[in-house]
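1. no sequence for this one, just the structure:
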């Protein structure tokens, strides 16, 4: 899987790249560009993160751009630009880092190179509330959504709510930090009120009720593409989720690259209308009730699953960005239909959950790996991140199991002691 790609002799790789956060998607960037000979650097909140141990990072700097005050991060980056070289490409890999770049673009320009996206466009997509009204205004199909501002307002909506419904964070990152997840599917009014009490910050409302669109994971479609300074889509791919993490509501743990002209057309028209520039990751759900693809999420940045979308010649969206921003020719994309990509630890955990729910058999699980061409962690030429991920994953599993068994063993000891006393 993912053998080293030969360096493209026609590609000038002299411009370095700085990635603003570390996760398995960032590891994909390091490998994709590093195999071409590009010097790739990263900011990393934790120096012990498995993704930081790739041989393809030229260096990883310990800095948490998402949580350090913006002005301090700007000063740090300007100092770093002096060491890396003027014109270093800057790549945001999360909503918060994308917003940081957009809000501080004036200070960063001249030192770094990045797509020119306004703060309004970034917040218009990272806020699911703003994205919903933007899509509605432009005639882009989307799931019906309501935004209660209090528990009382939520209660007043119950008689008009059709269950199941998706309880979702307007700011997904903020909800994840608060509740450990970005959404939940709720089946009835009692469950909705219970989950709302657990997840909502009533001092600063952040929850919305989104229509649940029936269908399995294979109804969730993705578009992954790159738009140049003129708003033209230079590279575009589509594909479907096979499994998600967390199950039913999360990001791709196993996906497949498949052509879908309608999804591509909707996306390109949508992005042209808003004047989008740069890498885009967007998700849709096909609604069999009316035959429409309805937009769910728009990520104005590179997505963590971008290595699912690689053409037969190795072109992906990060290589497209590199070529475009360094003024080099762009080859015609030739999507690899049927290519699969997976996140090993996330998919193992999700597969267990699907199996427990009775929606995944052992035979279907084994068959699902046919066509997997690349994994997020394992790479034959870069093994250390995979082994460190395994250590973290299984260490966490053992601690979780011990946490459940020890109280039971203590109760058993108490029972036996009392019985024979």
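-> Nice, I can see it. If you're wondering where the values come from, they're calculated on a predicted model, not measured in any experiment.
2. dump the residue contacts of residue 329.
-> residue 323 (Cβ atoms under 8 Å, 6 or more residues apart in numbering). C-beta: built from backbone N, CA, C; applies to glycine.
3. Look up how far residue 206 lies from it.
-> Residue 329 sits 45 Å away from residue 206, going by Cβ to Cβ, to the nearest Å.
4. confidence score at residue 174?
-> Looking at residue 174, its pLDDT stands at 89.
5. same question, the one 10 residues further on
-> The predicted structure scores residue 184 at 89 on the pLDDT scale.
6. let's number from 18 now, not from 1
-> I'll keep to 18 as the first residue from here, and by that count the last item is residue 201.
7. now the helices for the chain?
-> 41-51, 87-101, 112-120, 122-125, 136-143, 145-155, 168-174, 189-196, 206-216, 278-291, 334-342, 361-373, 379-384, 401-437 (DSSP state H).
8. So which of those is the most surrounded?
-> Mean neighbour count (mean count of other Cβ atoms under 10 Å) peaks for helix 41-51 among the helices of the chain, with a mean of 26.
9. what's next to that one, contact-wise?
-> 19, 30, 34, 36, 57, 59, 68, 71-74, 108, 110, 319-324, 333, 335-336, 339, 360, 393-394, 396, 399, 402.
10. what mean pLDDT would you report for that helix?
-> Computed over helix 41-51, the average pLDDT equals 97.
11. and the angle from that helix to helix 334-342?
-> 50 degrees (axes from the mean of the first three to the mean of the last three Cα atoms, to 10 degrees).
12. Let me see the domain layout of this structure.
-> 30-131, 161-228, 231-397, 400-438 (automatic domain parsing).
13. got a markdown table for these, with distance to residue 148 too?
-> Formatted as a markdown table, the domains of the chain follow (distance: least, Cβ to Cβ, whole Å):
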| stretch | distance to residue 148 |
| --- | --- |
| domain 30-131 | 11 |
| domain 161-228 | 9 |
| domain 231-397 | 5 |
| domain 400-438 | 32 |
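14. Compare the ones you listed and give me the one nearest residue 155.
-> Smallest distance to residue 155 across those (Cβ to Cβ): 5.1 Å, for domain 231-397.
15. Distance from the closest one to the middle of the chain?
-> 10 Å (Cα atoms, centre = their mean, to the nearest Å).
16. tell me the mean pLDDT for that domain?
-> 96.
17. and the end-to-end length of that domain?
-> 39 Å (Cα to Cα, to the nearest Å).
18. follow-up on the earlier one: can I get the helices of the chain in TSV including distance to residue 63?
-> Supplementary listing: the helices of the chain in TSV, determined by distance: least, Cβ to Cβ, whole Å:
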stretch	distance to residue 63
helix 41-51	12
helix 87-101	17
helix 112-120	15
helix 122-125	24
helix 136-143	23
helix 145-155	28
helix 168-174	37
helix 189-196	16
helix 206-216	26
helix 278-291	34
helix 334-342	22
helix 361-373	16
helix 379-384	32
helix 401-437	11
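19. So for residue 236, which of those sits nearest?
-> Judging those by Cβ to Cβ, what sits closest to residue 236 is helix 278-291, at 11.8 Å.
20. Mind giving me the packing neighbours of the closest one?
-> Contacts defined by 3 or more Cβ pairs under 8 Å, 6 or more residues apart in numbering; DSSP states H and E place helix 278-291 against helix 145-155, strand 237-244, strand 250-262, strand 295-304, strand 309-316.
21. Relative to residue 130, which of these is closest?
-> Here strand 295-304 is closest among the helices and strands packed on helix 278-291 (Cβ to Cβ), at 11.4 Å.
22. What pairs with that closest one, parallel or antiparallel?
-> As defined by DSSP bridges, the strand partners of strand 295-304 come to strand 237-244 (antiparallel), strand 309-316 (antiparallel).
23. what residues does it touch?
-> Residues contacting strand 295-304 (Cβ under 8 Å, 6+ apart): 131-132, 134, 158, 160, 230-232, 236-244, 280, 283-284, 288, 309-320, 322-323, 334-335, 337-338.
24. Check stretch 370-390 too.
-> Under Cβ under 8 Å, 6+ apart, the answer for stretch 370-390 is 18-19, 233, 259-260, 263-264, 271, 273, 327, 353, 355-359, 368.
25. try stretch 203-221
-> 167-168, 171-172, 175, 178, 180-184, 186, 191-192, 195-196, 201, 223-224, 226.
26. if we go to 10 Å?
-> Contact partners of stretch 203-221, identified using Cβ atoms under 10 Å, 6 or more residues apart in numbering, comprise 165-168, 171-172, 174-176, 178, 180-186, 188, 191-192, 195-202, 223-224, 226, 229.
27. if I look at residue 216, how far off is residue 210?
-> 11 Å.
28. now residue 59
-> From residue 59 to residue 210 the distance is 43 Å (Cβ to Cβ).
29. And for residue 160?
-> When residue 160 is compared with residue 210 (using Cβ to Cβ), they lie 21 Å apart.
30. ok, now which ones touch the nearest residue to residue 60 once chain neighbours are set aside?
-> Counting by Cβ to Cβ, 6 or more residues apart in numbering, residue 60 lies nearest to residue 80, which is 4.5 Å off, once chain neighbours are set aside. Each residue near residue 80 by Cβ under 10 Å, 6+ apart is listed here: 37, 38, 59, 60, 61, 62, 89, 90, 93, 94, 97.
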